[in-house]
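Asks: When you get a sec, could you give me coordinates for this:
(2 chains)
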Number of protein chains: 2
Amino acid sequence: MLKTQRVFSLLVVLLLLTYSCKERQQDQTDASSKQMTENSDPLPSWNEGATKTAIIDFVNRVSQEGSPDFVPVTDRIATFDNDGNLWSEQPLYFQLFFALDRVRELASDHPEWKQKQPFKGVLEEDMDAVLQSGMHGLLELVMASHAGMSAMEFDSIVTNWLSTALHPRFNRPYTELVYQPMLELLDFLRSNDFKVFIVSGGGVEFMRTWVPEVYGIPADRIVGSSIKTEFSYENGNARILRLPEIDFIDDKEGKPVGIHKVIGKKPIFASGNSDGDLQMLQYTASNNLPSFMLYLHHTDEKREWAYDRDSHIGKLDKGLDEAAARGWTVIDMENDWKLIYPFELP
Amino acid sequence: MLKTQRVFSLLVVLLLLTYSCKERQQDQTDASSKQMTENSDPLPSWNEGATKTAIIDFVNRVSQEGSPDFVPVTDRIATFDNDGNLWSEQPLYFQLFFALDRVRELASDHPEWKQKQPFKGVLEEDMDAVLQSGMHGLLELVMASHAGMSAMEFDSIVTNWLSTALHPRFNRPYTELVYQPMLELLDFLRSNDFKVFIVSGGGVEFMRTWVPEVYGIPADRIVGSSIKTEFSYENGNARILRLPEIDFIDDKEGKPVGIHKVIGKKPIFASGNSDGDLQMLQYTASNNLPSFMLYLHHTDEKREWAYDRDSHIGKLDKGLDEAAARGWTVIDMENDWKLIYPFELP
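Replies: Residues are numbered from 1 along each chain as shown, chains lettered A, B, ... in the order given. Here you go, the predicted model:
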């Protein structure tokens, strides 16, 4: 592949811009899981060790009234990156698979695409040609697959895609490739009255179609990249229309900006897996309250993937250095997790 | 005054652009008030009549399991305009008083303002001159008072102002000029598991300094106008800086867009008081679920103010017509409310 590293980092921010209006499940709060965590291991899929201990200690320290590090409930904000942090992101961001499938699906209405890059490359499975089309070509792919419809239509399109598309390696729906240990961590935080938000470079509207059901995080707690929208009102029919223009890129410096924009408070707990999350972790580390910074290091070639400093997706380089220098907690996937996906549960 | 109507509607959208990171109180949910509402009048400051009955009937219909109009908790989204709807907005938007005071406060650092409109007009209390400076001049006022500092500094500036500034007519802090009947309505909705959001043309960062404490609505449930911000990171000091550029105007067509952007779901309950809220109400009325549209009509010259179709602030003209045509509920302030402000409580 050509210039993959640079072009793929464009893909990160370009292809994943979107938001919507579906939510199948309320934020799973408090009561139900609280009891569980008091009586048993809150993180059963995590191996015993420094990582697990550090997480549990922090959550207990800030949650227990009377603790010198006690943090009031209103300030217990936790932010999680999504791609490569709550679900896998290899061999390509899953939303990118969606965009490519969508272009193939629309191709019959666009005979001109057979002669026109980057669409020609997508249709001929020539990824080199796609990537050679550069930023402009990638934008064309985004807009062709993510704009030009109402928010409700886009929601249906993504929902349909998710119900049929299968991951090339695992041959399972993408939404099954979420990390069981992280699902437990989300529950553990919520059972201690944390408000848990997604803060992802992915498109907010893409995520809203499945995040509420899969993670138990409601539509209004998802911060992501977005395209512009406008209000349309005709004959009593009120709709939000998706326009072919970028509104916000929720990556790198964009993450603290997105957090401030939507959440309005500094997190005390931030979790990510790439250099795109570094600014979010720096922002969290600057909180005057006790805070916890967590990196997920992909070290598990067998069960998932192993990649870091040189990866074209989810590159973790500066973040790894800063984590070491500042004593942030780094999950070693291979050693810290008993299993990866929920389907491995006994 | 010159061209007041047009220029004031510019003020609406221009002067109130901002957001921040303070929250003093968690969303007041459920348990505590639930018991109260089951045993007694949930809206004690409302006179008996069609308006009160319509509100209570709707909330009961959508909240009671087994009701044909039952709406699941995840879809119980309520959105409230703020200025003129939850607190007063006369004789000027309160955020505008802040901007004018701020310019006066900064004047000693800006000797050039004595000769330069619109600042000269502000310093000489010559509002005609201020308004004559038009859109460009007003933008200068906004940026001088709302940009050029960190989010945290802005938060302190607003908090300090609110703790000393007094409303010219009532000689009380602005945050005491909230409507007691509406506070009861917010509680009633929350006690029935509604998620309550502010959706205001006012600046989100301005509102975040006081809304959590005064309304019990947390920082992440405030949708408002905003200026652009950027992430700054120097020597471990992570800050959000406020830039002199408009990001989003949460008024008219902007309201459904803002709701979609931040909340991600269509409301089933929307409450406003001006034509700037009409699109939010239209959007809510288009919900496939049962929905309730509520306008507050300022009819009480004695206790508050009376204004509607010709007002330079909070103009309610098209909205009044559409409410009548579509059977939306309209609060007649004079007749529907026993009292206006909390300080009138016995």
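
Asks: Would you map the strands across chain A?
Replies: With DSSP state E, the ranges of strands along chain A come out as A:77-80, A:195-203, A:222-234, A:237-248, A:269-272, A:292-299, A:306-307, A:329-332.

Asks: With residue A:338 as the reference, name the closest of those strands.
Replies: Residue A:338 lies closest, by C-beta to C-beta, to one member of these: strand A:329-332, at 12.5 Å. In short, each C-beta sits where N, CA and C put it, glycine included.

Asks: Output that closest one in PDB with nothing but the alpha carbons.
Replies: Presented in PDB, the C-alpha positions along strand A:329-332 are these (Å, rounded to 0.1, in the frame of the first residue of the first chain):
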ATOM      1  CA  THR A 329      -1.800   2.800  33.800                       C
ATOM      2  CA  VAL A 330      -1.300   0.700  30.600                       C
ATOM      3  CA  ILE A 331      -3.300  -2.400  30.000                       C
ATOM      4  CA  ASP A 332      -1.200  -5.200  28.500                       C
END
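
Asks: Next, the distance between the ends of stretch A:66-85.
Replies: One end of stretch A:66-85 sits 33 Å from the other (C-alpha to C-alpha, to the nearest Å).

Asks: is it up against chain B anywhere?
Replies: Yes: Stretch A:66-85 is in contact with chain B by C-beta under 8 Å from any C-beta of the partner chain, via A:73-75.

Asks: Find me the pLDDT at the residue nearest to residue A:276 when sequence neighbours are not counted, would you?
Replies: Excluding the flanking residues, the one nearest residue A:276 by C-beta to C-beta, 6 or more residues apart in numbering or on different chains is residue A:251, at 4.8 Å. On the pLDDT scale, residue A:251 is placed at 95.

Asks: ok, residue A:251 touching residue A:203?
Replies: No: using C-beta atoms under 8 Å, residue A:251 is not in contact with residue A:203, being 11.6 Å away.

Asks: The strands of chain A: which one's closest to residue B:158?
Replies: Closest among the strands of chain A, once you apply C-beta to C-beta, is strand A:77-80, at 20.9 Å.

Asks: So which residues on the stretch 51-200 of chain A come close to chain B?
Replies: Within reach of chain B by C-beta under 8 Å from any C-beta, the stretch 51-200 of chain A has these residues: A:73-75, A:151, A:195, A:197.

Asks: hmm, 7 Å instead?
Replies: Taking C-beta under 7 Å from any C-beta of the partner chain, the part of the stretch 51-200 of chain A that reaches chain B is made up of A:73-74, A:151.

Asks: Pull out the buried members of those residues.
Replies: The neighbour-count test (16 or more other C-beta atoms under 10 Å in any protein chain shown) marks A:74, A:151 as buried among those.

Asks: any chance of the residues of the stretch 51-200 of chain A next to chain B in CSV, plus pLDDT and distance to residue B:190?
Replies: Shown next, in CSV, are these (pLDDT from 0 to 100; distance: C-beta to C-beta, whole Å):
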residue, pLDDT, distance to residue B:190
A:73, 97, 16
A:74, 96, 15
A:151, 97, 27
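
Asks: Can you flag which of the residues of the stretch 51-200 of chain A next to chain B belong to helices?
Replies: Among these, the ones falling in helices (DSSP state H) are residue A:151.

Asks: Chain B: which of the residues of the stretch 51-200 of chain A next to chain B is nearest?
Replies: residue A:74 (4.7 Å; C-beta to the nearest C-beta).

Asks: ok, the residue nearest to residue A:276 - how many residues close by?
Replies: Using other C-beta atoms under 10 Å in any protein chain shown, residue A:251 is surrounded by 25 other residues.

Asks: same question, the one 10 residues further on
Replies: Residue A:261: 23 surrounding residues under other C-beta under 10 Å.

Asks: swap in the one 4 residues further on?
Replies: Number of residues near residue A:265 (other C-beta under 10 Å) recorded here: 23.

Asks: Just the buried residues of stretch A:319-335, please?
Replies: A:319-320, A:322-323, A:328-334.

Asks: ignore the last one, stretch A:50-57
Replies: Buried-residue list, stretch A:50-57, by 16+ other C-beta under 10 Å: A:51-52, A:54-56.

Asks: The closest residue to residue A:92 other than its chain neighbours and chain B: what is the separation?
Replies: Closest residue to residue A:92 apart from its sequence neighbours, by C-beta to C-beta, 6+ apart: residue A:313 at 6.9 Å. According to C-beta to the nearest C-beta, to the nearest Å, residue A:313 and chain B sit 23 Å apart.

Asks: Check residue A:52 too.
Replies: Applying C-beta to the nearest C-beta, one obtains 28 Å for the distance of residue A:52 from chain B.

Asks: was I right about that residue contacting residue A:46?
Replies: Yes: the pair formed by residue A:52 and residue A:46 meets the contact definition of C-beta atoms under 7 Å, at 4.3 Å.

Asks: anything in contact with each of those two?
Replies: Common neighbours of residue A:52 and residue A:46 (criterion: C-beta atoms under 7 Å, 6 or more residues apart in numbering or on different chains): residue A:336.

Asks: where does residue A:138 land on pLDDT?
Replies: According to the prediction, residue A:138 has pLDDT 80.

Asks: what about it, how many neighbours?
Replies: Residues near residue A:138, counting by other C-beta under 10 Å: 22.

Asks: Which residue is most remote from the mean position of chain A?
Replies: Relative to the C-alpha centroid of chain A, counting by C-alpha atoms, centre = their mean, residue A:235 is the outermost residue, at 37.5 Å.

Asks: Give me the phi and psi for that residue.
Replies: The phi/psi pair for residue A:235 (degrees, to the nearest 10) reads phi 50, psi 50.
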